[in-house]
Structure formats: C-alpha cells, structure tokens
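**Q** attaching a predicted model along with its sequence, questions to come.
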Amino acid sequence: MSTEGDYDCIVIGAGVQGSFTAYQLAKKKQRTLLLEQFVLPHTRGSSHGQTRIIRKAYDQDYYTVMMEECYRLWAQLEEEASVKLVRQTGLLVMGPENSLQYQAVKNTLQKNRVPMVILPPEEFSKHIPNVNLSEGDGALVDTTAGVLFADRALRAVQGQFLKLGGIIKDGQKVSDIKPGALVTVTASGGVYRAKNLVLTAGSWTNGMLSYIGLQLPLKVLKINVCYWKEKVPGSYHVQQRFPAFLQVECPEGKHHIYGLPSNEYPGLMKVCYHTGSETHPDMRDRQSDQSDIDILKRYLTRCFPGLDPEPAVVESCMYTVTPDEDFVLDCHPLHNNIVIGAGFSGHGFKFGPLIGKLLCELSLGEVPSYDLSPFRIRRFPEHLKPSL
Ligand SMILES: Cc1cc2nc3c(=O)[nH]c(=O)nc-3n(C[C@H](O)[C@H](O)[C@H](O)COP(=O)(O)OP(=O)(O)OC[C@H]3O[C@@H](n4cnc5c(N)ncnc54)[C@H](O)[C@@H]3O)c2cc1C
Ligand SMILES: O=C(O)[C@@H]1CCCCN1
C-alpha cells in the first residue's frame, strides 16, 4: 500500500455535495483529492438519475433565501462548462388551503417576492389540464422553479474540478480516518494525508463518523423512483409547458408527493413519494417495501387521470434524513480541520453549488456566507461518542 504525498484537502464522497466542495476548494487553489468508493459514474448513492427539482418554494425562509444565490451559481457552472443544466418549467404547489404547510410556502414566497401565480380553483383546469385539484386545496406556481439535469450536472462539476487541477480517485473505499494536524485517510488503494478533510459520504456517513468519534441521528431510506405512463403521450410533457409539482398534504398519505414533467423517458412521468423504508446503504436492493407505491397509485388515480396508475419503471435512490430534515453543515466539534456535510434529507441537490461553497468556507476557516445555525451538529444533544 502506497503512502501518498500531502494534499491541502481530501474530500470523501464524489456525489453532488463532495464534487461541488472539491471544485470550490480547487478554485481557491487548494490541492484537493476527491475520493470515491465506486467507479464513477455510479447509481448506488443519492446523486444519480437524470432529473431533480429546483425551486424557491420552501416553508422555511432560509432555504428560499439561499436559493437566490444557488440559481446564480448553477448559471455560472452552465456557462463555464458550456452545458445546459436547468430548465425552467415552474413548480405547481398544491395542498389544503388552510394547512400550515401550504400557507407557510405561500407566505415565504410572498415575503421574499418570489415570482409566483396563485391559481384559484375555478381557473385551475384552464391552466393545468389533466390534473384534478382536490376539494379544499389551494394551488400556486413558483415560476422560478424547474428541472435540473442531475447526471449532467455531476459530470460538469467533476470535469471543471479536473480542469482546475483537482484529482479524483474512484474505486477507493475509505476504511479509516485518523484525526490530527494532518488527517490520515486509509482507502482501498492507498493512505492519504491532508491538512483538511471534508466528509460528504451521503448515506454512508454514519459509518465514517464512527472513525472520528461522532454520531448523528441520520436515517437511510430507500426511495422507489417511479415513472408512470401517459395514456396520451405528451399530455404531461415538458414541451407542453407542464410544470413540476409538489402535493404537500393529501388524504392518501402524510408525506409529500412530487413529480416532474415527462422528459427523460419518452411517455413517462416521474412521480414519487417523499419517504421510504429504512435500509443499510449497502443493502438497498434488499429493501422491497412498496407501501409508498400503493399510496402513489391511489393518489394518481384520483388526481392524475391521464396516467396509467401502475408504475412502468421503478428505479432506486437513497435519502439520508435528519430528524428535522435540515442539513448538517459544520466542523467537527473537537477537530476543526474536519468538516461534515450530511443529512441532505431528499432535498439537497438544488443547493449543491452553495453547499460546496459553504463547506469550502468552513474548511478554510472563513466566516460562512450564511447563518449556519439551522445546520449545526450541536442541535443533536448526543453527538459525541461516549469513548471521547
Ligand atoms: C429519489 C430522490 C429524489 C430527489 N429529488 C430531489 C429534488 O427534486 N431536488 C433536490 O434538490 N434534491 C433531491 N434529492 C436529494 C439529492 O439528490 C441529495 O440530497 C443529494 O444527491 C445528496 O448528495 P450527497 O453528495 O450528500 O450524497 P451521494 O450522492 O450519495 O454522495 C456520497 C458519495 O460518497 C461516497 N462514499 C460513501 N462512503 C464512502 C467511502 N467509505 N469511501 C469513499 N467514498 C464513499 C458514495 O459512494 C457516494 O458517491 C432527491 C434524492 C432522491 C434519492
Ligand atoms: O427537493 C425537492 O425539491 C424535492 C421535493 C419533494 C421531495 C423530493 N425533493
């Protein structure tokens, strides 16, 4: 096993968050090594697949505010890499008019002057054909929202990182981390040392934290990514200006249901449930619970009559969720040259460029550009392992 020369920073995990962090570090002239356990590209974590939603519609102010800069950073990457990564489609938000969540999203958008359109129930079907708005539901469209081309984005940011002189070593599973003034990382292909370490290991974070004396209440969920066939091809297509959508509450289930206009697979629309069943990240395909699919079938039968209510394609992805669904963006409480980015709770992709910037700032000891108090490790009382 070789002992490699020193780096300024090692980033563990080449998903969207690690890749953007490595790119930001390289931009700041840091000699950066990005380590990934699988051969790239891969479909075993959380950042694969062709599409994700990008939106400003959030019920918490701080996410809406952060998204302002995210859109600029995505546009910057599009320009640098000469590639289209964002397609504006709008996001239709539906939910009981009087529910706390629907009202919170509406208020946040209004307060932050985000361009939006409120669709009164009597005008709904004129604007959104082929969807039945539930009795008592309000509907609005966040017109800034759209679709992010996820796989393409990952390729673009990794490509830019390499152009800046960054080093990616894939097929290198990290099996130990020793904190210190120089952090030592043992991976399957070598031992690496660096002044700083950033841990962005997605669903494998819990295992990595055990090497550095931390524990966080992160749960790993397998998500069934379902695609549904349009009865009339094209009726929910992005070219028909059909938007992405988010149903914040409905009688079929207590979690969000969301969808993206048909785009990546001809004639199929992606509609998923915003939760899944717990799994170990290496055992994802053994988790076969389908109760989410039953919920989706019932919802689609009622509200999306233009879709065949039997999934045509089911793919898999994982969420790593915190109890409050807020991210973890912080330094290790005892070793401030180790930074952790985790718990993106199924909504982190759109923030990738900004997460990269923030984790880079934390790693360089700079004052972060945003108030990171919602994302602190200290919000979890039992974060230090008893052995330390
Ligand atoms: C079905 C689904 C839909 C989603 N929809 C949206 C959406 O619409 N909008 C949105 O903004 N977000 C969405 N998200 C969330 C978003 O995709 C995730 O928050 C994001 O991809 C998390 O990225 P990550 O880099 O933290 O994790 P990952 O992409 O999993 O990256 C972590 C990487 O670390 C590597 N790694 C782990 N352990 C080791 C080790 N020991 N050694 C070396 N490497 C290691 C892994 O192999 C992996 O590549 C969705 C997620 C899913 C699953
Ligand atoms: O981050 C998002 O925008 C979506 C919303 C619904 C659940 C999955 N993630």
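**A** That came in fine, so what should we check first? The structure displayed is predicted, hence computed values, not measured ones. Ligands and ions are numbered 1, 2, ... in the order given.

**Q** enumerate the residues of the stretch 201-350 of the chain near ligand 2.
**A** 246, 256, 258, 274, 346-347 (C-beta under 6 Å from any ligand atom). Where C-beta positions appear, they are placed from N, C-alpha and C, glycine not excepted.

**Q** tell me the gap between stretch 293-309 and the middle of its chain.
**A** On the basis of C-alpha atoms, centre = their mean, to the nearest Å, stretch 293-309 sits 25 Å off its chain's mean C-alpha point.

**Q** same check, this time on stretch 364-380
**A** Stretch 364-380 sits 18 Å away from the centroid of its parent chain (C-alpha atoms, centre = their mean).

**Q** restrict that stretch to CA atoms and write it as PDB.
**A** The C-alpha trace of stretch 364-380 is given here as PDB (Å, rounded to 0.1, in the frame of the first residue of the first chain):
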ATOM      1  CA  LEU A 364     -10.600  27.200   5.100                       C
ATOM      2  CA  GLY A 365     -11.700  28.700   8.500                       C
ATOM      3  CA  GLU A 366     -13.500  31.600   6.700                       C
ATOM      4  CA  VAL A 367     -16.800  33.100   8.100                       C
ATOM      5  CA  PRO A 368     -19.500  31.300   6.200                       C
ATOM      6  CA  SER A 369     -21.600  33.400   3.800                       C
ATOM      7  CA  TYR A 370     -24.900  32.400   5.500                       C
ATOM      8  CA  ASP A 371     -26.000  31.800   9.100                       C
ATOM      9  CA  LEU A 372     -25.400  28.100   9.500                       C
ATOM     10  CA  SER A 373     -27.200  27.800  12.900                       C
ATOM     11  CA  PRO A 374     -30.000  25.600  11.500                       C
ATOM     12  CA  PHE A 375     -27.400  23.200  10.200                       C
ATOM     13  CA  ARG A 376     -25.200  22.800  13.400                       C
ATOM     14  CA  ILE A 377     -24.100  19.400  14.800                       C
ATOM     15  CA  ARG A 378     -24.800  20.800  18.300                       C
ATOM     16  CA  ARG A 379     -28.600  20.700  17.700                       C
ATOM     17  CA  PHE A 380     -28.300  17.000  18.300                       C
END
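
**Q** which two of the residues of the stretch 201-350 of the chain next to ligand 2 have the greatest separation?
**A** Largest separation among these by C-beta to C-beta: 246 and 346, giving 12.1 Å.
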